[in-house]
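Participant: Here is a sequence together with a model predicted from it:
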Amino acid sequence: MLDQVEDGVYRRALELGGRPRLLEVRGGGDVEQPRLEVRLLDGPTGPDELVAAAELVARCFRIDDDLAPLDALGLADPAYGALLGRVRGLRALVMPSPFEALVWAIIGQQINITFAYKLKRVLVEQFGRTIEHGGRIFHLFPTAERLAALDPAELRPLQFSGQKARSIVELARLLADGQLDLPALGALPVAEARAVLIGLRGVGRWTAEYVLMRGLGARDELPAADVGLQIAAGRVYGLERRPTEPELRALGERWAGWRSYYAFYLWFSLVPGAGAG
DNA sequence: ATCCAGGCTCCTG
DNA sequence: CAGGAGCATGGA
């Protein structure tokens, strides 16, 4: 599989310095002073690779975010603050590549999450490179080049809708051809990056917001059209019905500056066993 | 069968 | 710019 968490240890295969590597991250320290230990499991590690791995992990785990302001915000929003108390110290995780976030968002459009995971697994297992370690196979997420080489029709038997298949292949081609530089969007003002994303076929407001927060590390995105977020917010705030998109945006207003965390924790509250109630 | 799911595009007012 | 029709696909 793609991401593996076992006994609190996170492992994942990904491309580092142009080569497939198997990364391991262990948590340490405490909420006030978190510490992450990073290792590459599949062979010797040069200093450059170690630096690259550390930078990647720092970005994905947002270790530079100082979460202290969240506590104060939580006091001003008691219902949400209760959720915040259960997840204190958790960081709004960023995916290793914005391309993966983009494809994952498109997969997730208008289908239930269980089926979305199924589609992603199929994509990864069919088209991702693999690394073997410790008798196990680890898959990398497919590269844009690999997906660009597909005919959208090849995805149809894998249960992708025609529209998803077309969007994914088209976008992969834009990346592979160098017409779209997703990482570079991270350096633009968020409003500009959002405009670029929405201009892509198959990418609407929800997908753009998702990619900004989960792929590019934007800290203030709230994909308020998300049904899951609306359901979670309805529960957290004890509402009769789930909030509409504008209502959820209004709820998120006071979390300005931290709305990606706001969203991430709401999603997290839906995970079985995460104390969602 | 019916409704829904981590929406999008395109077309109207 | 806001709102809505139509669309696509499998799961419960």
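Facilitator: Nice, thanks for sending it over. Residues are numbered from 1 along each chain as shown, chains lettered A, B, ... in the order given.
Participant: Now stretch A:13-21: buried residues?
Facilitator: Across stretch A:13-21, burial judged by 16 or more other Cβ atoms under 10 Å covers A:13, A:14, A:16, A:20, A:21. For every residue, glycine as well, the C-beta is placed using N, CA and C.
Participant: and if you look at stretch A:192-204?
Facilitator: Neighbour counts over stretch A:192-204 (16+ other Cβ under 10 Å) mark A:193, A:194, A:196, A:197, A:200, A:202, A:203 as buried.
Participant: Tell me both backbone torsions, phi and psi, for the fifth one.
Facilitator: Dihedral angles phi and psi of residue A:200 (degrees, to the nearest 10) take the values phi -80, psi 140.
Participant: Now it. Nearest residue, chain neighbours left out?
Facilitator: Nearest residue to residue A:200 in three dimensions, chain neighbours excluded: residue A:171, at 6.4 Å (Cβ to Cβ, 6 or more residues apart in numbering).
Participant: List the neighbours of the helix or strand containing the one you found that are in contact with it.
Facilitator: Here residue A:171 sits within helix A:162-176, counting by DSSP states H and E. For helix A:162-176, contacts defined as Cβ atoms under 8 Å, 6 or more residues apart in numbering pick out A:99, A:102-103, A:106-107, A:109, A:119, A:144-148, A:150-156, A:160, A:180-182, A:200-203.
Participant: which of these come close to DNA strand B?
Facilitator: Contacts with DNA strand B within the contacts of helix A:162-176, as defined by Cβ under 7 Å from any atom of the strand: A:109, A:200, A:201, A:202, A:203.
Participant: so how many other residues sit close to the residue of the stretch 51-200 of chain A found nearest DNA strand B?
Facilitator: Nearest residue of the stretch 51-200 of chain A to DNA strand B, counting by Cβ to the nearest atom of the strand: residue A:113, 2.9 Å away. Residue A:113 has 12 neighbours, counted by other Cβ atoms under 10 Å.
Participant: I'd like to know how far it sits from residue A:119.
Facilitator: Look at residue A:113 and residue A:119: by Cβ to Cβ, to the nearest Å, they are 11 Å apart.
Participant: all strands for chain A, in order.
Facilitator: Secondary structure of chain A (DSSP state E): strands located at A:3-6, A:9-16, A:19-29, A:34-40, A:130-133, A:136-139.
Participant: would a markdown table of those strands with mean pLDDT be doable?
Facilitator: Shown next, in a markdown table, are the strands of chain A (pLDDT from 0 to 100):
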| stretch | mean pLDDT |
| --- | --- |
| strand A:3-6 | 91 |
| strand A:9-16 | 96 |
| strand A:19-29 | 94 |
| strand A:34-40 | 94 |
| strand A:130-133 | 96 |
| strand A:136-139 | 96 |
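Participant: Tell me which of those strands sits most buried.
Facilitator: Highest mean neighbour count of these: strand A:9-16, a mean of 20 (counted as mean count of other Cβ atoms under 10 Å).
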